[in-house]
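**Student:** model this:
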Amino acid sequence: MIEKIVSPCISICTLEADQCTACGRTIEEIKIWRNGTDEQHKKILHDCESRLDEDSHERWVNMYNAKVKRLT
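**Tutor:** Predicted structure coming up:
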């Protein structure tokens, strides 16, 4: 069974300076996600997590993990 990488979007998007404050992705990364490769997805996940401050990261991890559990 092939496991799909789940989008980092947690459906509380707010863009500030071309970056989502909820998931940390840039506008360019959001555009790439739909047709991106697994390698691109992994890099985007890593990069967006590193952009979030501690509180935002904790909120994102909790919501993302719940989303992954729901979808898999």
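
**Student:** going forward, measure contacts and count neighbours with C-alpha atoms only.
**Tutor:** Fine.

**Student:** and Gln40, how many neighbours?
**Tutor:** Gln40: 14 surrounding residues under other Cα atoms under 10 Å.

**Student:** what about the helix or strand harbouring it, average pLDDT?
**Tutor:** According to DSSP states H and E, Gln40 maps onto helix 38-51. For helix 38-51, mean pLDDT is 95.

**Student:** elements contacting it?
**Tutor:** helix 27-33 (3 or more Cα pairs under 8 Å, 6 or more residues apart in numbering; DSSP states H and E).

**Student:** what about Gln19, how many residues nearby?
**Tutor:** Gln19, neighbours per other Cα under 10 Å, totals 19.

**Student:** go on, Glu54?
**Tutor:** For Glu54, the neighbour count with other Cα under 10 Å is 11.

**Student:** tell me how far it lies from Gly36.
**Tutor:** Glu54 sits at a distance of 27 Å from Gly36 (criterion: Cα to Cα, to the nearest Å).

**Student:** compute the inter-axis angle for the very next helix or strand once past the helix holding Gln40 and helix 38-51.
**Tutor:** Downstream of helix 38-51, the first helix or strand assigned by DSSP H and E is helix 54-71. Per axes from the mean of the first three to the mean of the last three Cα atoms, to 10 degrees, the angle that helix 54-71 makes with helix 38-51 is 140 degrees.

**Student:** how about helix 54-71 as PDB, C-alpha atoms only?
**Tutor:** Provided in PDB are the C-alpha atoms of helix 54-71 (Å, rounded to 0.1, in the frame of the first residue of the first chain):
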ATOM      1  CA  GLU A  54       7.100  27.500  19.200                       C
ATOM      2  CA  ASP A  55       3.300  28.100  20.000                       C
ATOM      3  CA  SER A  56       2.300  28.000  16.300                       C
ATOM      4  CA  HIS A  57       4.400  24.800  15.800                       C
ATOM      5  CA  GLU A  58       2.700  23.100  18.800                       C
ATOM      6  CA  ARG A  59      -0.800  24.000  17.500                       C
ATOM      7  CA  TRP A  60       0.100  22.900  14.000                       C
ATOM      8  CA  VAL A  61       1.600  19.500  15.100                       C
ATOM      9  CA  ASN A  62      -1.600  18.700  17.200                       C
ATOM     10  CA  MET A  63      -4.000  19.700  14.400                       C
ATOM     11  CA  TYR A  64      -1.900  18.000  11.700                       C
ATOM     12  CA  ASN A  65      -1.600  14.800  13.600                       C
ATOM     13  CA  ALA A  66      -5.400  14.700  14.100                       C
ATOM     14  CA  LYS A  67      -5.800  15.300  10.400                       C
ATOM     15  CA  VAL A  68      -3.400  12.500   9.400                       C
ATOM     16  CA  LYS A  69      -5.200  10.100  11.800                       C
ATOM     17  CA  ARG A  70      -8.600  11.000  10.400                       C
ATOM     18  CA  LEU A  71      -7.400  10.600   6.800                       C
END
